[in-house]
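Undergrad: here you go, sequence then predicted model.
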Amino acid sequence: MMLGYQFRRQRPVLNYLADFMCKELKLIIEVDGGSHNDDEIYRNDLKRQGELEKAGFTVLRFSDEEVLKNINNVTRTLEGWIEEFRKKNPPPAPSSGG
C-alpha cells in the first residue's frame with residue numbers, strides 16, 4: 001500500500017505479466033535486472049511498454065540495483081508520481097442530495 005493505493009505483484013495485463021500494478025492508477029512498475037541491457041530484451045521491453053501505454057497504462061521502470069541500493073529514491077519517485085496523478089485527476093466532488 002502506498003498513499004492509499006494497493007499495488008499487486010505479478011499481475012497479468014494484456015498478454016504480459018507486470019512486476020507490480022495498481023489498477024486504480026493504471027500504473028505498472030517494472031523492475032529490470034541486468035538481462036534487460038541485452039539489445040533484444042530491450043527492444044521487447046520497448047514494444048511491451050508501448051502496447052501497455054496504448055492501453056492507457058503508465059509504465060515506470062527501475063533497475064534491480066536502484067531497488068536494492070536506493071529504495072528511498074524509488075519510493076520518493078513513486079510518491080511524486082502519485083501526487084502528480086492526484087493533481088491531474090482530482091476525485092469527483094460529492095453530490096448534494098437536495
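TA: Nice, I can see it. These figures come from a predicted structure and were not determined experimentally.

Undergrad: and stretch 11-28, average pLDDT?
TA: In this model, stretch 11-28 carries a mean pLDDT of 96.

Undergrad: ok, and for it, which residues are buried?
TA: Of the residues in stretch 11-28, 13, 18, 19, 20, 21, 22, 25, 26, 27, 28 count as buried by neighbour count, 16 or more other CB atoms under 10 Å. From N, CA and C alone the C-beta is placed, and that goes for glycine too.

Undergrad: from the chain's centroid, how far away is it?
TA: Relative to its chain's centre, stretch 11-28 lies at 7 Å (CA atoms, centre = their mean, to the nearest Å).

Undergrad: got the end-to-end distance for that stretch?
TA: Start and end residues of stretch 11-28 are separated by 9 Å (CA to CA, to the nearest Å).

Undergrad: just stretch 67-76 next, same as before
TA: Length of stretch 67-76, first residue to last, CA to CA: 12 Å.

Undergrad: would you mark the buried spots in that stretch?
TA: Neighbour counts over stretch 67-76 (16+ other CB under 10 Å) mark 67, 74 as buried.
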